[in-house]
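*Asks:* Got a predicted structure here, sequence first:
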Amino acid sequence: MTRVRTTTGGTGVFVEETGRASLGFWLRSFRRELVAVGTFSGVANLMMLVPTLYMLQVYDRVLISGSELTLVAVSLMALFLFAVMAFAEWSRGRVLVRAGVRMNDLLAKKVFHASFDAHLHNPGHYPGRPLSDLTELRQFLTGTGPIAVFDAPWAPIYLGVLFFLHPLLGWTGIGFAVLQALIAWIVNRKSVGPTYALSLRQQESVAQIQVKLRMSEAVQSMGMLGALLNRWQGYQQRYLAQHAATHGGQHRATAISKGFRYAQQSLVLGIGALVVINGEMSAGAMIAANVLATRALAPIDQLVGSWKGFVSAFQAYERLSSLLDAHEGEDASVSRVPPTGIVRLKDVTAGAPGAEGSRPIVKGLNLVLQPGEVTVVMGPSGSGKSTMVKVLLGVWPAASGEVLWGDRPLQGWTAEERGPLVGYLAQDVELFDGTMADNIARMGEVDSAQVIAAAKLAGLHETILRFPGGYDTPVAIAGGVLSGGQRQRLGLARAVLGNPKLVVLDEPNSNLDDVGEAALVHALTLLRAEGAAVLVISHRPGVLKVADRMVWMQDGRIVHSGPRDEVLAVLQSKQAEPHAQN
């Protein structure tokens, strides 16, 4: 589907082509692979009749005639057909492997973006799970499960051949097929819930380990390891109990299925012997019927043995389908004029995503950020400053109102389009796995001139040069010796890379000393001179010296907003009122 929109005010004309993110929609594009696998499966299963025919020929023709030439001819034909069967088996396996790789290439990027978006708007979402689900689907596709599905339709053909040999053998095969199918149905009913519960227990246990590793310094310094170990063991015990219950049921089903299979082989052989004794069938046909009955029930037995994989793959499919449907994103290319101009908040009310029914954190916010101005937002803790920033940057959605950049809503551009024009420094500076230069360059292509300029602007250039590797020092090595202020400056350098048009700094001076704060003020001055719209959240008054405008927030609302000196005067007069009354 293609939509064409025309906008005014310098934002230009753009063409947006939207695609469907539904997992079922993408999997339907594998029709060609499915046809190929079905064709090769048909050839392979047709060749499965060769052992039966070969036995009939050997017992009923060669042994009776005593002809060596006939034996050689029949054997050569059988060997050729076995080679055809091996080629068909190999080919369908190869097609399935290639389909798995293609599925990963087709969906990995979409799942990655959808998982990130889900975690962004729902912090309780486990971000690594969708990628694990995609891996599970790919591994299932290349395993024995799909092969069993393609082999199952041939079971009636094998049973039909049994009927051709003798009706009693055919009915015996049908009876065992019904029993095997009943076992598969029972396994399905019994395993779906426990398997899903096992997955949740495993996720809880792994998440606990990840949290402990991420906060290892605090755990070690305050002696919390023992208490956390006890807590983790509780999660692990619940996981192990669920694991025992789930796999115990699956093993019981597999054991019962195996018992039926061996009983079927013996019973078919016994019935065949009875028919031979009665003179209704030859001894060769008896042996062939036993092999054929085993082959007829093999796909059903494979389905029972692969049922755990079927259940896990189905659950992974359901989770991925829901994720992609809920976080569709933009799949096609979009050509638009980058956002520029004034940034506005218009009557914005918002709260934490995923907290339905809770009271909004910010209410009725109206704010204008002009290019070439520094706006400082202050207020007590919990007044909604950080929430306002997240809504302003499109990290959290607004419950009502809108965020405009120029004359268009912020959502009119993707994060990739806005990203190079936005600089953001969060309260908690997160560094990524890579070099110092990679982190400043936002993990993209490193432009040495831009990286060095950003580091100098943040007052970090000399510090980086003191490391043995300089800008090529891995963060995993440097991060352990960087102080909180230096990490904050590294985050600032990342934020100001490439002279962005909108710069948002959340508590950028919370860990800075006097030298660092001076560097911050200098950076704000240069950003203002470059025409950037700068928003700074701070509890410390040092940045006020470079502020053009000031905003005071309280209780999720903007109480005072205007030129810096006017707002300061109002606040100072309010502080003086209680003293005057006393």
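*Replies:* Sure, I can see it. Numbering: from 1, shown residues only.

*Asks:* the domain parsing of this protein - what is it?
*Replies:* For the chain, the domain assignment from automatic domain parsing gives the residue ranges 21-326, 343-581.

*Asks:* Rebuild the ones you listed as JSON lines, extending it with mean pLDDT and mean neighbour count.
*Replies:* Where C-beta positions appear, they are placed from N, C-alpha and C, glycine not excepted. Supplementary listing: those in JSON lines, determined by pLDDT from 0 to 100; neighbours: other Cβ atoms under 10 Å:
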{"stretch": "domain 21-326", "mean pLDDT": "76", "mean neighbour count": "17"}
{"stretch": "domain 343-581", "mean pLDDT": "85", "mean neighbour count": "18"}
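
*Asks:* contacting residues around the most centrally placed residue in the chain?
*Replies:* Within the chain, one residue has its C-alpha closest to the average C-alpha position: by Cα atoms, centre = their mean, that is residue 130, at 2.9 Å. With contact taken as Cβ atoms under 8 Å, 6 or more residues apart in numbering, residue 130 is in contact with 111, 114-115, 118, 319-320, 323.

*Asks:* again, 6 Å this time
*Replies:* By Cβ atoms under 6 Å, 6 or more residues apart in numbering, the residues touching residue 130 are 111, 115, 323.

*Asks:* For it, identify the helix or strand it belongs to.
*Replies:* helix 129-141 (DSSP states H and E).

*Asks:* One more: residue 185?
*Replies:* Taking DSSP H and E as the criterion, residue 185 maps to helix 167-214.

*Asks:* and the residue nearest to residue 276 when sequence neighbours are not counted, what are its phi and psi?
*Replies:* Taking Cβ to Cβ, 6 or more residues apart in numbering as the measure, residue 276 lies nearest to residue 286, with 5.1 Å between them; neighbours along the chain are not counted. For residue 286, the backbone dihedrals are phi -60, psi -50 (criterion: degrees, to the nearest 10).

*Asks:* Settle this for me: residue 286 is touching residue 272, isn't it.
*Replies:* Yes: the pair residue 286 and residue 272 passes the contact test of Cβ atoms under 6 Å, sitting 3.6 Å apart.

*Asks:* now the strands for this protein?
*Replies:* Read by DSSP state E, the chain holds these strands, from start to end of the chain: 2-6, 13-17, 334-335, 343-350, 362-369, 374-378, 400-405, 408-409, 422-425, 502-506, 533-537, 549-554, 557-563.

*Asks:* any chance of these in a markdown table, with distance to residue 154 too?
*Replies:* A markdown table is the format used below for those (distance: least, Cβ to Cβ, whole Å):
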| stretch | distance to residue 154 |
| --- | --- |
| strand 2-6 | 45 |
| strand 13-17 | 43 |
| strand 334-335 | 48 |
| strand 343-350 | 59 |
| strand 362-369 | 64 |
| strand 374-378 | 70 |
| strand 400-405 | 60 |
| strand 408-409 | 57 |
| strand 422-425 | 59 |
| strand 502-506 | 63 |
| strand 533-537 | 68 |
| strand 549-554 | 71 |
| strand 557-563 | 71 |
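
*Asks:* For residue 474, which of the ones you listed is the nearest?
*Replies:* Taking Cβ to Cβ, strand 422-425 is the member of the strands of the chain nearest to residue 474, at 21.8 Å.

*Asks:* So which elements touch that closest one?
*Replies:* Contact partners of strand 422-425 among helices and strands, from 3 or more Cβ pairs under 6 Å, 6 or more residues apart in numbering; DSSP states H and E: helix 484-495, strand 502-506.

*Asks:* would you list the ones you listed in TSV and tack on distance to residue 240?
*Replies:* Supplementary listing: the helices and strands packed on strand 422-425 in TSV, determined by distance: least, Cβ to Cβ, whole Å:
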stretch	distance to residue 240
helix 484-495	39
strand 502-506	42
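
*Asks:* how about the ones you listed, which one is nearest residue 389?
*Replies:* Of all the helices and strands packed on strand 422-425, it is strand 502-506 that lies closest to residue 389, at 5.5 Å by Cβ to Cβ.

*Asks:* Can you tell me how far the nearest residue to residue 383 once chain neighbours are set aside is from residue 384?
*Replies:* Closest residue to residue 383 apart from its sequence neighbours, by Cβ to Cβ, 6+ apart: residue 553 at 4.3 Å. Computed with Cβ to Cβ, to the nearest Å, the distance linking residue 553 and residue 384 is 6 Å.

*Asks:* ditto for residue 369
*Replies:* Note on residue 369: its distance to residue 384, by Cβ to Cβ, is 17 Å.

*Asks:* Also residue 53?
*Replies:* 80 Å.

*Asks:* next one: residue 291
*Replies:* The span separating residue 291 from residue 384 equals 75 Å under the rule Cβ to Cβ.
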